[in-house]
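Asker: coordinates only, no sequence provided:
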């Protein structure tokens, strides 16, 4: 990606005002937005037929969510710049997006012009993710608990929060129900949750849902 010219973009966000704002940022750099989508599945299908230099996607969208969209695009060897934007938990989702293969994560709570800084970094061969200083503490903070989760544990938690049972999670991740159960046990221990109700409460408090 280093040194590549960026001319075309696709925006995937279910909020019209957010799409308008992102389009405005991109067009300032004379980047042509060739399409916009509210749904991750529709975007994924379109990207199988259309090439674009940039994809800007929100985490929480209908159909295939933002993180899954990044994973699926990289699995198809999509070589463009993928920037994820979100108003959700920065620490948790920036880590998930980096693991999925995104080039950058931009918080919607900050200036969306950061998208341009992310594009500049990508052209130079760098990624663009928020930096979080280590928080010294005897007791782990919720942020530190979330950071302790592995990529697979994060995926399992995401499916749990969506209401899937072990069998359906196993099918989605191509692993056995027993392995799903092991991941569940580990992530619940790491987060200090003893029940699904506590996990749902933890997720709500930390803006994971």
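Answerer: Received the coordinates, thanks. Since this is a predicted model, take the numbers as computed values, not measurements.
Asker: per-residue pLDDT, residue 82?
Answerer: What the model reports as pLDDT for residue 82 is 96.
Asker: am I right that it falls within a strand?
Answerer: Yes - counting by DSSP: H, G, I helix; E, B strand; the rest coil, residue 82 is part of a strand.
Asker: for it, list the residues it contacts.
Answerer: Taking Cβ atoms under 8 Å, 6 or more residues apart in numbering, we find residue 82 in contact with 54, 55, 57, 70, 73, 74, 101, 102, 103, 104. Any C-beta I mention is one placed from the backbone N, CA and C, and that applies to glycine too.
Asker: what packs against the one helix or strand residue 185 maps to?
Answerer: Residue 185 is part of helix 177-191 when elements are defined by DSSP states H and E. Secondary-structure packing of helix 177-191 (3 or more Cβ pairs under 8 Å, 6 or more residues apart in numbering; DSSP states H and E): helix 142-147, helix 151-161, helix 166-173, helix 196-205.
Asker: still on that earlier bit, now, which of the contacts of residue 82 lie within strands?
Answerer: 54, 55, 57, 104 (DSSP state E).
Asker: neighbour-wise, which of the residues you listed leads?
Answerer: Counting neighbours by other Cβ atoms under 10 Å, residue 57 leads the ones in strands among the contacts of residue 82 with 27 neighbours.
Asker: low-confidence ranges, this structure, go.
Answerer: 1-4, 132-138 (pLDDT under 70).
Asker: domains for it, by residue range?
Answerer: If you go by automatic domain parsing, the domain ranges for the chain are 8-123, 142-205.
Asker: now the last one: how far from the chain's centre is it?
Answerer: To tie it back to what came earlier, the one meant is domain 142-205. Put simply, domain 142-205 sits 17 Å off its chain's centre (Cα atoms, centre = their mean, to the nearest Å).
Asker: cool, stretch 51-71 as well?
Answerer: Between the centre of stretch 51-71 and the centre of its chain there are 8 Å (Cα atoms, centre = their mean).
Asker: what comes up buried for it?
Answerer: Residues 52-61, 63-71 are the ones in stretch 51-71 that count as buried (16 or more other Cβ atoms under 10 Å).
Asker: buried residues in stretch 197-209?
Answerer: By 16+ other Cβ under 10 Å, the buried positions in stretch 197-209 come out as 199, 202, 203, 206, 208.
Asker: what's the farthest-apart pair in those?
Answerer: 199 and 206 (10.8 Å; Cβ to Cβ).
Asker: between the two, which contacts overlap?
Answerer: Here residue 199 and residue 206 share no contacting residue, scored by Cβ under 8 Å, 6+ apart.
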